[in-house]
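Colleague: coordinates for the following, if possible.
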Amino acid sequence: MFMKYFIGIVPSTETAAAIDQLRLQFCAKLVHHLEPHITVVPPFEAFEKQQWMVEMNQAVHSFPDFSLQLGEPFFFGKRVLSFYVQDVSDVLTALVSSLKDTQEISDRDTRPYHAHLTLAMQSFGTSFEQMLEMKDKAKELLLVLPPLYVEELIVFAREKSGWARKSTLSLSK
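Modeller: Purely as a prediction, here's the structure:
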């Protein structure tokens, strides 16, 4: 059976809670739909039990733990507000490239990769004016958020109520 998946980096519990507090003020529907994350592999369709998961796990395990820093909030057009993600060591860029090569999946998103953490979307009921206000508050939040230490990736699966954690892919220690 085909299922819809994506793979992402989830910030620490404290960082995710701070981001969700901001999202609750401006885009509460998104909070209930999906936890804060940085997409590594965008949504794709694959068989539930296939070789792709084994290959992804092997590829991820060859990468060391690394850190990312959230940067200034920015807009994708006027419809999506996100934090920019700074990949100073280029490990995330290399990881994304490696995972693209391992996928035995269909319905693949072929757009160029831009590391980001989504804060709000018009499709979840947040107006552009609200996102402008949220952008200012997100800049303030950046002053207290620590760097993101990445030890694992999360495989999310699409369910009726939203996206749920399906499994974990651990980086090399």
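Colleague: give the burial count for H116, as a bare number.
Modeller: Residues near H116, counting by other C-beta atoms under 10 Å, number 19. For every residue, glycine as well, the C-beta is placed using N, CA and C.
Colleague: need the helices for the chain, in chain order.
Modeller: 13-26, 28-33, 51-61, 91-102, 128-142 (DSSP state H).
Colleague: closest one to L117 among those helices?
Modeller: helix 13-26 (7.3 Å; C-beta to C-beta).
Colleague: redo the helices of the chain as CSV? Include mean neighbour count, mean pLDDT and distance to S170.
Modeller: Shown next, in CSV, are the helices of the chain (neighbours: other C-beta atoms under 10 Å; pLDDT from 0 to 100; distance: least, C-beta to C-beta, whole Å):
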stretch, mean neighbour count, mean pLDDT, distance to S170
helix 13-26, 16, 95, 18
helix 28-33, 16, 87, 26
helix 51-61, 16, 86, 7
helix 91-102, 16, 85, 13
helix 128-142, 15, 96, 28
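Colleague: so what's the residue nearest the centre of the chain up against?
Modeller: Nearest to the geometric centre of the chain sits I38, at 2.2 Å (C-alpha atoms, centre = their mean). Shown in contact with I38 (C-beta atoms under 8 Å, 6 or more residues apart in numbering): G8, I9, P11, L68, V85, L92, A115, H116, L117, L148.
Colleague: and with 6 Å instead?
Modeller: Contacts for I38 (C-beta atoms under 6 Å, 6 or more residues apart in numbering) come out as G8, I9, V85, A115, L117.
Colleague: who wins on neighbours among those?
Modeller: L117 (25 neighbours).
Colleague: these two touch, right, that residue and Y84?
Modeller: No - assessed by C-beta atoms under 6 Å, L117 is found out of contact with Y84, at 8.5 Å.
Colleague: now P43: closest residue in space, sequence neighbours ignored.
Modeller: F6 (4.5 Å; C-beta to C-beta, 6 or more residues apart in numbering).
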